[in-house]
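In: Prediction below, plus the sequence it came from.
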Amino acid sequence: MIATARVSVITVTYNPRPYLEGFLESLGDCDQSGIDLELIVVDNGSTDGSVDWLREQHPDATLIINDENNYARALNKAIKITRGDYIVISNNDALVENGWLQGLLAIMHRDERIGAVQSKLVFADGRGLNSVGVEEIESFYFADIGWGEADDDRYATPMQRDYVSGGSVMFRRACLDDVGAWDERLLMYMEDIDYSIRCRQRGWTLWYAPDSVVRHHYHGSASEALCDYLCNRNRFLLLAKHFPLKLPGSIASSHFLMQKQFDWLYRSLLAAVRILCEEHETETALTVLDQLRTVLTDQFGTVAARKFFSHIEVVLGLRPIRVGIYDHAGHFPGGGQRYVAEMAAVMQDRYEVTYLFNNEVSLDQYREWFGLDLSRCASKIVPLSFFIERGSSMPDEGITVRERHNVFDPVSRESLDYDIFINSNMLTMVNPLSPVSLFVCHFPDRKRTRFFQVDQYTHLLINGRYTGEWVRKRWQLEPSMMIHPPVQMDHPDSSADSKERIILSVSRFEISGSKKQLEMVQAFDQLCRRWPEATRGWTLVLAGGSVADNPYLDRVTEAAERAEAEIELRPNLTVEAIRDLYRRSAIFWHACGLKERRPERVEHFGMTTVEAMQNYCVPVVIDGGGQREIVEQGRDGFRFRTLGQLQRHTLELIEDDGLRCRLAKQAFARGQDFNREVFRAQLDELLAGLELELTGADSLENAASALQ
């Protein structure tokens, strides 16, 4: 009498609803005589409602929720809890026929050294065979035996195989215990090839069972593109693991190389070298790395080879991550400089950070300008002879585009010394050579011109939706991430109820007049003339930085002196003096962009607006640019399109103290959405992604994103 066979069936799901019900119905209908069957379903993060459906419709199934979409990890979790003497792994985008389990067991009973038996997989659409085993076809590329062929007598006999497909395969418990866990580094695809190799290395044989039939919906649960990517990637990983001396020579026959998918080739080789160093003795690893150096230099040049081996040092944890921050305008304070300085203040505690300037700059100035301690950052001067010869204090792309060579190539060469290169102030002609690069765009001031390099960066960071809109229009690029500028200007003594009769504007006194201080002087003077009683005791204060001998500031000063209204000009105040003005002021004006047709001359974001809001100062600002994503009309402030609207909204606030207090409190709450804590949380998310990209850590999500 044959004892009952204890069989555990494992299927791994990821949004399987179109197929799962049919698979489970076919499993229930197949011949289970003499079988004690256990069903285990591992879900890899489905979002299609299949988990709830499974709990409701199949409470007898053991459900495991995997913490990552990693197929090999899902198998390991399931196998660990199985109670069967035989464990079947099956895709769920399939229908099993009546003799599915019996056909597998029949072969298993032939010999106790049979470790695994594969089913006959046929295409569900009737176009022939899908797989009756797997074979190597060339250069460690594999193919399903019988693919697309007719199901005839050639495949009607059980046969021993070198490799079996994981689409439907039964393992003997003793084999799994002997060989060990599935390799989670492979994620998905070719994990069955790896396991087949390891089974045979341990003396187990692998077979094909023609009487166990599965009708497979090919690529029903994963895209063909993802399959191709992972199969080509995992080819390198398997070579590094099992046949390391063949790894360097395998590059020439790589489909990635043939299809010029150099980024995917690069990523895959990084992951392969990690496995090489984890699996083999130092002598073997060094031999392979020396051969790789020669192959990569011959194939891609010395710059690419140097970049790769420098990157390997980070992947293997041999040194800290090096970050280079290039700021061609770092010698004077501005919103762009402050934005990236806030990033540097965080990164200096994690990485080796070096600021790259074209002029002499002391990072001590950043403490004075922005209140930031960057003492753990280094700095380096990268001279640009083109501008030195012309006596220019700051590089200007506009005068270089007719040059035969890119005058910013010295900065590009310098970027090769860093793992992450950050272009902080929108100089579009610097080509990044680092493994990971970040272009920080405050606004795309220039159109695409000769030597445009922004599309060469691995990531494009924007400061707001307005900037993103124009990046898409002007550069036809899609930003990687948006992080609003960090603003932390709240005064501890600020409140909605302790305000003076001050209308404040804080903006640089640009020589071009783009911040519209002159128009604000005229608007306030007119407001006070028309409504003298309501505006009695109110003062307009215009604060902001200015260069010496500023003709625009002179014009604004003359206009203020001619006005009948109380107007004060306060150029070049300290940070603390400005903070105190915010504390005292009741209303905030900002008019940059008024009557402007050029998008770059409209306020890109509006950090001073947020600063005012963080101090219970009600904003009345231009209805354009980044101000629209800060101020919600009538809820936490007002937006205007004309000076008449500016005056009417201001008069409404002056005359209704209850309204002003209510909006001030809402403004304060809104201002906290842009504080330093929010910025740093979003920056942590960005840096975590960059680190994963750098260190070669992979997942199915990362693999899928690589295909974009």
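Out: Looks like it came in fine.

In: hang on, Gln682 is in a helix, isn't it?
Out: Yes. Under DSSP: H, G, I helix; E, B strand; the rest coil, Gln682 falls within a helix.

In: give the contact list for the nearest residue to it once chain neighbours are set aside.
Out: Nearest residue to Gln682 in three dimensions, chain neighbours excluded: Ile483, at 4.6 Å (C-beta to C-beta, 6 or more residues apart in numbering). From N, CA and C alone the C-beta is placed, and that goes for glycine too. Ile483 sits next to 461-463, 679, 682-683, 686 when contact means C-beta atoms under 8 Å, 6 or more residues apart in numbering.

In: Can you show me the CA trace of whichever helix or strand Gln291 is part of as CSV?
Out: Assigned by DSSP states H and E, Gln291 belongs to helix 282-300. The C-alpha trace of helix 282-300 is given here as CSV (Å, rounded to 0.1, in the frame of the first residue of the first chain):
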residue,chain,number,x,y,z
THR,A,282,40.3,37.3,-2.7
GLU,A,283,42.7,35.9,-5.3
THR,A,284,39.9,34.9,-7.6
ALA,A,285,38.1,38.2,-7.2
LEU,A,286,41.3,40.2,-7.9
THR,A,287,42.0,38.2,-11.1
VAL,A,288,38.5,38.8,-12.4
LEU,A,289,38.6,42.5,-11.5
ASP,A,290,41.9,42.9,-13.3
GLN,A,291,40.5,41.3,-16.4
LEU,A,292,37.4,43.5,-16.1
ARG,A,293,39.5,46.6,-16.0
THR,A,294,41.1,45.7,-19.3
VAL,A,295,37.8,44.8,-20.9
LEU,A,296,36.0,47.9,-19.7
THR,A,297,38.9,50.2,-20.8
ASP,A,298,39.0,48.6,-24.2
GLN,A,299,35.3,48.7,-24.7
PHE,A,300,34.3,52.0,-23.1
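
In: Name the residues that touch that helix?
Out: Contacts for helix 282-300 (C-beta under 8 Å, 6+ apart): 240, 244-245, 247-249, 251-252, 257, 262, 269, 273, 276-277, 280, 304-305, 308-309, 312.

In: Can you flag which of those residues belong to helices?
Out: 240, 247-249, 257, 262, 269, 273, 276-277, 304-305, 308-309, 312 (DSSP state H).

In: Can you flag the buried ones in those residues?
Out: 240, 247-248, 257, 269, 273, 276-277, 304-305, 308, 312 (16 or more other C-beta atoms under 10 Å).

In: Closest one to Gly126 out of those residues, please.
Out: Leu257 (36.6 Å; C-beta to C-beta).

In: what's the closest one in contact with, if anything?
Out: So Leu257 contacts 251, 265, 299 (C-beta under 8 Å, 6+ apart).

In: Go again with 7 Å.
Out: Counting by C-beta atoms under 7 Å, 6 or more residues apart in numbering, Leu257 makes contact with 251, 265.

In: Tell me the backbone dihedrals of the closest residue to Glu360 other than its chain neighbours, please.
Out: Excluding the flanking residues, the one nearest Glu360 by C-beta to C-beta, 6+ apart is Ile381, at 6.6 Å. Dihedral pair for Ile381: phi -100, psi 130, per degrees, to the nearest 10.
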